[in-house]
Each structure stands twice: as C-alpha cells, then as structure tokens.
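Trainee: I need the structure of the sequence given here:
(2 chains)
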Amino acid sequence: MLGSYDFCGHYEWTFEWLCQQDGEPLVREYWDTAIARDSQKHASALISEKGIEGMKEYWGHTLDHEAAGYALSATDDVFRIDMHACPSKGFLIRNGLAQYHDYCDHCMGWIGPVMKDAGFVVDHEHNHCGQCWWEVRRAEDVTPPSAPGALSGENDVRLMPEWKTNQTDHYERSTNPDDKTTLP
Amino acid sequence: MTEDMNALPYTDTKPVGAADFYFAINATFHFILKKLGADGLRRYWTDLGTRYFATVTKQWQQGGLAGVADYWRAFFAAEPGAQVKVSHTDEVVTLEVKVCPAIKHLRENGREIIPCFCQHCYFINEAIAAPAGFTARVTGGNGACRQIFYKRDAQVPEQDIKHIKEVASC
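Mentor: Have a look, this model is predicted:
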C-alpha cells in the first residue's frame, strides 16, 4: 500500500517519474489538475468562499496535522505564512530523498492555481532548506511585500540566521510555478 | 505506537501520517490513468515498487519473512485509522486488512475513488517482493482485503486481477 506516513517521499519521486514520462509540462499539469483541483479542492473551496479567513482556517488545520514549525499572520488585506521548519521538505532532507530538481516548486504549483481562481496573487520566497514565506493579497492590491519583521515581527523567517542559503527562489505577485527568479 | 519504526526505510518526526494525503494519492492515480492509461498507471506502480521502495526490498532480502512482517506492522502503525492484523509463519506473511485507512478516509470525505485503486497494493507489493525472493497475492478490496506474501518458489497460482474488487466511491 502507498502510505500517508512517507507521502512526501513518494510524492517527490512522482514529480521526477512524470517528468521522465513527458517532460516538465506534465509535472505542471499534475500540480494544477491533480493537486490543486482534485486533491486540494477542499482548500480551493474554502479560500474561494471565505478569502483570507479561509486561508487561516485551511493552513491552521493542515500545518498542525503535518507537525510544521510555522507562524501565520493576517490582516484584512494580507495573509502571511512564515515557515520555519517545512514538514515536507524536512522529511526529504532528513531521509536523503531528492529525485526531482526542485521539490519546493510544487507549492506554487498547486497554491498558485488555487489563488488565481480565488482572485489573489502571491509574493513568496523559499530557500530550499525547509524555510519559506508567503504573502497573499487580492489581485487588485499592488502593495509590495512587507519589510522583514513588519508583518510577522520576530516570527519573520527572513530574520532567522538559517534563512540565508546559497540559492533562494523568489516570486512577485505570481500564481505560476515557473514565474520565479533565483537569487544567489 | 509500539512498533519498531526502524523497520521503515524513511522515518518522520510525527508518529502517524496526515490522512488528507490519501486525497493526493487517489488524485495522482486518477491523473496518471487519464494521461497515460491503465498501462501507464500499472507502470507507475511497478516503478514505485522497484525504485522508490528499493530499500524495502533490501530489508526483506536480509530479514526474510520476519522482516516482511516487521515492515508491515510498522507501516500500518503509522497509517491513521488502519485496522490490520499481521501474522507470519515459516511459509507466509498474511495481512488481514479489516479497515483500509485510505478507502475509509476517501469515502468519509466523499471523494471519487478510482475503481482500480486497490490494484496498486498488488502491483507495488509484487515489485518490492519479487527481487527479495517473495511473491504477493491480494484478494478482496473496496475497504477490506487479504494480502499474502509467499516465498517465490511456493507453488501458488498467478495473481488474478479479477480477485481484487473494484472500489465504489460511496
């Protein structure tokens, strides 16, 4: 049986398997079709219906269940996640599992389409070591991402010494996993 | 949880998996079936067994049937809502799956389960077992089943896929 306990391991392995079958477009279609619109349709429904309140509800529940180290911050206009210890990437690192070239892209791969459908855009960075941050605003809101510490205070992952790594991927007002710049 | 989690090749800090991941497993099967057909889905399951679970094959080679049983005890202890009895003799390991945690959770949440969902247990099990010197058979399904692991030289009939029930979503 394919289990939930090591899910992140075979999930990450599946990205590379799909890539070998028909290239990167099939992986992107998988995140969009299978994950955003099928597996996570409960998240999509919650966020489409309740907006930022739905995000608080969804990520509060899910990250608790995945035993994540994280902080959620929100106002009426923005929803922010500071991920200090990603349960998913952490599992892969601890177990030495790395088949696909950038596992972290999968989050924008499914969250992007969910936010696009609900009328939001995303500012996001991940450092490939289990730390990332997300700010979600309505698509018509052109406010730039917050300065470090301004929105989530001492919980802001960008203030933590382990945040700086060799390669950080950066998204601005995006909903597309390929719409990123890589910062040294 | 009292099982020896060292029997699992990959371990986590949390004691059991998050049940909502069964949504993604079912959705993945559904996607591959739609994009690559039934042959593609069976190839996916077999490749998972052969490649992703290669470390399990090694454990079974080294541990024999006792190793197979230890693996499944630890495996189901980490699956939320599983009710499974694992027993073994000198000849076989038997899993009596009274409540399949995946089918249970998918059904409780009104998810459309692909009819051939239960076949993945046979194809993955066999791909793990064969190079370790064992062979797997599955009967039943749709929420409860029996899975048996024999020594590869045992005289047992080939797996008949028709003996694995299709899943009804509700």
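Trainee: if we look at the lowest-mean-pLDDT helix or strand in chain A, which residues are touching it?
Mentor: One helix or strand of chain A scores below all others by mean pLDDT, DSSP states H and E: helix A:52-65, with a mean of 85. Helix A:52-65 is contacted from outside by A:42-43, A:46-48, A:50, A:70, A:72, A:74, A:76-79, A:81, A:87, A:136, B:18-20, using Cβ atoms under 8 Å, 6 or more residues apart in numbering or on different chains. Just so you know, the C-beta spots here come from the backbone N, C-alpha and C atoms, and that holds for glycine as well.
Trainee: near chain B, which residues of chain A show up?
Mentor: Within reach of chain B by Cβ under 8 Å from any Cβ of the partner chain, chain A has these residues: A:1-7, A:9-11, A:13-14, A:17-18, A:21-22, A:26, A:29-30, A:33-35, A:38-40, A:42, A:62, A:65-67, A:87, A:90-91, A:94-95, A:97.
Trainee: Give the buried subset of these as a ChimeraX selection command.
Mentor: Only the buried entries of those go into this ChimeraX selection, using 16 or more other Cβ atoms under 10 Å in any protein chain shown:
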select /A:1,2,3,4,5,6,7,9,10,11,13,14,17,18,21,26,30,33,34,35,38,39,40,42,62,65,66,87,90,91,95,97
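Trainee: For the strand or helix carrying B:Leu95, output the C-alpha coordinates as PDB.
Mentor: Using DSSP states H and E, B:Leu95 sits in strand B:92-99. Extracted in PDB, the C-alpha atoms of strand B:92-99 (Å, rounded to 0.1, in the frame of the first residue of the first chain):
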ATOM      1  CA  VAL B  92       3.800 -16.900   4.600                       C
ATOM      2  CA  VAL B  93       3.100 -13.400   5.900                       C
ATOM      3  CA  THR B  94      -0.600 -12.500   5.900                       C
ATOM      4  CA  LEU B  95      -2.100  -9.000   6.200                       C
ATOM      5  CA  GLU B  96      -5.800  -9.100   7.200                       C
ATOM      6  CA  VAL B  97      -6.800  -5.500   6.300                       C
ATOM      7  CA  LYS B  98     -10.100  -5.100   8.300                       C
ATOM      8  CA  VAL B  99     -10.200  -1.300   7.700                       C
END
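Trainee: Buried by neighbour count: which residues of that strand qualify?
Mentor: By neighbour count on 16+ other Cβ under 10 Å, the buried set for strand B:92-99 is B:Val92, B:Val93, B:Thr94, B:Leu95, B:Val97.
Trainee: and these as JSON lines, adding distance to chain A and pLDDT?
Mentor: JSON lines is the format used below for the buried residues of strand B:92-99 (distance: Cβ to the nearest Cβ, whole Å; pLDDT from 0 to 100):
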{"residue": "B:Val92", "distance to chain A": "18", "pLDDT": "98"}
{"residue": "B:Val93", "distance to chain A": "14", "pLDDT": "98"}
{"residue": "B:Thr94", "distance to chain A": "15", "pLDDT": "98"}
{"residue": "B:Leu95", "distance to chain A": "9", "pLDDT": "98"}
{"residue": "B:Val97", "distance to chain A": "8", "pLDDT": "98"}
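Trainee: Check these and tell me the two furthest apart.
Mentor: Distance extremes for the buried residues of strand B:92-99: the farthest pair is B:Val92 and B:Val97 at 15.3 Å, using Cβ to Cβ.
Trainee: before we move on, the earlier item: with respect to B:Lys35, which of the buried residues of strand B:92-99 is nearest?
Mentor: Of the buried residues of strand B:92-99, the one sitting nearest to B:Lys35 (Cβ to Cβ) turns out to be B:Val97, at 28.9 Å.
Trainee: which residues does the closest one bridge with?
Mentor: In this entry, B:Val97 is beta-bridged to B:Val84, B:Cys145, by DSSP bridges.
Trainee: In contact with it, which residues?
Mentor: Counting by Cβ under 8 Å, 6+ apart, B:Val97 makes contact with B:Ala82, B:Gln83, B:Val84, B:Gly140, B:Ala144, B:Cys145, B:Arg146, B:Gln147.
Trainee: Tell me how many other residues crowd the residue in chain B that chain A sits nearest to.
Mentor: Closest residue of chain B to chain A, Cβ to the nearest Cβ: B:Gly17 (2.9 Å). If you count neighbours by other Cβ atoms under 10 Å in any protein chain shown, B:Gly17 ends up with 22.
Trainee: SS state for it?
Mentor: What DSSP: H, G, I helix; E, B strand; the rest coil gives for B:Gly17 is coil.
Trainee: That one contacts A:Leu2, doesn't it?
Mentor: No - the pair B:Gly17 / A:Leu2 is not scored as a contact, 10.7 Å apart, by Cβ atoms under 8 Å.
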